[in-house]
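J.: What shape does this take:
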Amino acid sequence: MQAPETDGPVMIPPELKWLKWLVIALAGVMIAGFLVLIAAIVIRFDAAPALPLPESLVLPEGADPMAFTQGKDWIAVVTTDDRVLIFGRDGSLRQEMAIE
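T.: From the prediction side, this is the model:
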């Protein structure tokens, strides 16, 4: 079977031209998105390390931790009995607050 002979260049329908440009645009956006993702990962890994944590925190008797957060020079632990315990970076208990 032979390909049909044509007298000149084959005209591409306008719908296919539109589809071709959509595919090219999609490929460009996907490449740009991939590059942004790689850049975000590189920036994240080059970021300064997180604040150091003490080896261990000694909670008061009967206190079970429920949540944890930290600031520049303090660490807060929310307990299941509705207390907030504020520790220093060295692990010493600074303050205790009851949540009402």
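J.: Okay, domains of this protein per the record?
T.: As recorded under automatic domain parsing, the domains making up the chain are 13-47, 52-100.
J.: Mind checking the pLDDT average for whichever strand or helix holds I41?
T.: When elements are defined using DSSP states H and E, I41 is found to belong to helix 14-46. Computed over helix 14-46, the mean pLDDT rounds to 94.
J.: Then stretch 66-78?
T.: Rounded to a whole number, the mean pLDDT of stretch 66-78 is 90.
J.: circling back: to D7, which of the domains of the chain lies closest?
T.: Checking those against D7 by CB to CB gives domain 13-47 as the closest, at 17.9 Å. (Glycine included, C-beta is placed from N, CA and C.)
J.: buried ones in the closest one?
T.: Within domain 13-47, no residue counts as buried by 16 or more other CB atoms under 10 Å.
J.: how distant is that domain from the center of its chain?
T.: Chain-centre distance of domain 13-47: 20 Å, with CA atoms, centre = their mean, to the nearest Å.
J.: next one: stretch 75-89
T.: For stretch 75-89, the gap between its own C-alpha mean and the chain's C-alpha mean amounts to 26 Å (CA atoms, centre = their mean).
J.: Go ahead and produce PDB holding the CA coordinates of that stretch.
T.: What follows is stretch 75-89, C-alpha atoms only, in PDB (Å, rounded to 0.1, in the frame of the first residue of the first chain):
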ATOM      1  CA  ILE A  75      10.200  25.100  74.500                       C
ATOM      2  CA  ALA A  76       6.500  24.700  75.300                       C
ATOM      3  CA  VAL A  77       4.800  21.400  76.000                       C
ATOM      4  CA  VAL A  78       1.000  21.200  76.300                       C
ATOM      5  CA  THR A  79      -0.100  18.300  78.500                       C
ATOM      6  CA  THR A  80      -3.300  16.200  78.400                       C
ATOM      7  CA  ASP A  81      -4.300  17.600  81.800                       C
ATOM      8  CA  ASP A  82      -4.600  21.200  80.300                       C
ATOM      9  CA  ARG A  83      -1.300  22.600  81.400                       C
ATOM     10  CA  VAL A  84       1.400  24.400  79.400                       C
ATOM     11  CA  LEU A  85       5.000  23.800  80.500                       C
ATOM     12  CA  ILE A  86       7.600  26.200  79.400                       C
ATOM     13  CA  PHE A  87      11.200  24.900  79.400                       C
ATOM     14  CA  GLY A  88      14.500  26.700  78.700                       C
ATOM     15  CA  ARG A  89      16.800  25.500  76.000                       C
END
